[in-house]
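# the amino acid sequence is not available; the structure is as follows:
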């Protein structure tokens, strides 16, 4: 009896989910990776330039903290 | 055919495929049914109900970013420069935040994936780990400053630091205990609404409305162009646009279950959040402007000390509201920022990551959230920690980390393969490029001011 009730609830949940959510909103669908994009030369150049910018600026912040501490 | 560590609630046959439904799916489906029902009805009240159901991530991210360090930056701005250039400047920074955050709504609704997950999948782990390290370091530093604000704010009422930190952690867990995104969002929104407490505090100082109107129109008086001004400029930008906001709003949009049909409401949500946050930010500058008028230095003011300094002007009640506002700012941001870290961790490691997860199924998600919050809280208890300077620097670090994060966002939101027709229009690309330019230039100017501090004097600054 309990098993029948559980099965009914599970079926109701399934119907609810499949009718309310888009397919790619399901947790299961999100397990599939989105294909990798090949980055082109200019894109890589911008990403590297910003990475170097960030590392340099972090060094500046550390320098400022060091000078303030002294 | 189970999904990771999440045991299936049920399964069935759809065509040849077994469809596995999780607890998270069921909770999200219930939320979507309410949205569909409201959308199917006509009339003003149905529209208002639909807005009520769909607002959340935008308001939370904007009021969440009005956090401890941000409110302290605005307070320092008012106390150091009074009413002038910085009032319209802060409004401008929130306009930049709208441009940036709107893109995350579109990305989340179109792809149903979090920001960290998309960066890893589309650009690979090499660039993915870079952006994750930026996020993790930035979030942890910011979290520390949130607990500084909580500690300082409650310190105004004589609450010992360890009890202040404990209160914040208890509130954070109270919001999480529902294990339901919807309930968590409403509790956090209710707490975030308290950010507007800075408005009555500002009114108590009886601002000169003529001067306010003049500053908003003419952007004057201009501050002197020097290192201190630049630090405040960067701190105020960092108070409105930071990397965690991108990750949080996109992940929350996905967790809430928004779809492409909801993008219009996602935009309204973002603009509404920005309007509320702008009002609170401007009010904070107005509230501390009398300290500038009375020539009181703000260099050594911690969050609670601003409240103490304002007490002779606005009385004990007003000062208490100011201190409570600092506490609220810290608590809401500690909730949203630790959640942002936990979302990103789950997305990158492909562990279940949702506020709809029961504790048993979301062990990794809740553990990361807990670890971030508790370790940041513990650091704040170290005696002798420098406060105001650390807080302003955290905002500066956030600004410096923003251009790389924005370029990833820019590339994703213009990626036709994942966005389809929802790629950014030309005008949006022009505006977002302008934001990247402004942030990078501000960062470079800051760098020059540190390395060659005399250069501004040579250019006519102080």
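Looks like it came in fine. Treat the numbers as computed from the prediction; the structure is a model and nothing was measured.

# where does chain A get nearest to chain B, residue-wise?
With C-beta to the nearest C-beta as the measure, residue A:10 is the residue of chain A nearest to chain B, at 3.3 Å. To be clear about C-beta, it is placed using only N, CA and C from the backbone, and glycine gets the same treatment.

# what are the phi and psi values for residue B:21?
Dihedral pair for residue B:21: phi -110, psi 130, per degrees, to the nearest 10.

# measure the residue positioned nearest the centre of chain B to residue B:113 for me?
Nearest residue to the geometric centre of chain B (C-alpha atoms, centre = their mean): residue B:65, 2.7 Å. In this view, residue B:65 and residue B:113 are 22 Å apart by C-beta to C-beta, to the nearest Å.

# which helices and strands sit right next to the helix or strand containing residue B:76?
Per DSSP states H and E: residue B:76 is located in helix B:68-81. If you count contacts as 3 or more C-beta pairs under 8 Å, 6 or more residues apart in numbering or on different chains; DSSP states H and E, helix B:68-81 packs onto helix B:86-111, helix B:115-155, helix B:227-238, helix B:263-293, helix B:303-349, helix B:388-413.

# tell me which residues of that helix are tucked away?
B:68-81 (16 or more other C-beta atoms under 10 Å in any protein chain shown).

# how far off helix B:263-293 does it point, in degrees?
40 degrees (axes from the mean of the first three to the mean of the last three C-alpha atoms, to 10 degrees).

# got the angle for helix B:68-81 vs helix B:115-155?
60 degrees.

# please pull out the lowest mean pLDDT helix or strand from chain B.
Lowest mean confidence among the helices and strands of chain B (mean pLDDT, DSSP states H and E): strand B:10-14, at a mean of 40.

# quick one: neighbours of the residue lying closest to residue B:380 once chain neighbours are set aside, just the number.
Leaving aside its sequence neighbours, residue B:380 sits nearest to residue B:147 (C-beta to C-beta, 6 or more residues apart in numbering or on different chains; 4.0 Å). By other C-beta atoms under 10 Å in any protein chain shown, the residues close to residue B:147 number 26.

# and if you look at residue B:40?
Residue B:40: 9 neighbours (other C-beta under 10 Å).

# residues contacting it?
Applying C-beta atoms under 8 Å, 6 or more residues apart in numbering or on different chains, we find residue B:40 in contact with no residue.

# could you do residue B:182 as well?
B:27, B:31, B:256.

# for residue B:119, see how far away the last one is.
Here residue B:256 is placed at a distance of 21 Å from residue B:119 (C-beta to C-beta).

# and the first one, by the same measure?
Summarising the geometry, the distance separating residue B:27 from residue B:119, computed by C-beta to C-beta, is 26 Å.

# tell me the pLDDT at residue A:2?
Listed pLDDT for residue A:2 reads 51.

# swap in residue B:325?
With respect to pLDDT, residue B:325 scores 92.

# for it, which non-adjacent residue is closest in space?
residue B:197 (4.4 Å).

# unless I'm mixing things up, that neighbour is touching residue B:324, no?
Yes: counting by C-beta atoms under 8 Å, residue B:324 is a contact partner of residue B:197 at 6.3 Å.

# whichever residue of the stretch 51-200 of chain B sits closest to chain A: how many residues sit nearby?
For the stretch 51-200 of chain B, the residue closest to chain A is residue B:121, as judged by C-beta to the nearest C-beta, at 4.1 Å. The number of residues packed around residue B:121, counting by other C-beta under 10 Å, is 20.

# which residue packs closest to it, ignoring adjacent ones?
Residue B:121's closest residue in space is residue A:34 (C-beta to C-beta, 6+ apart), at 4.1 Å.

# repeat for residue B:171
Setting aside the residues directly before and after it, residue B:171 is nearest to residue B:331 in space (C-beta to C-beta, 6+ apart), at 5.5 Å.

# what about residue B:47, how many residues nearby?
Count around residue B:47 with other C-beta under 10 Å applied: 14.
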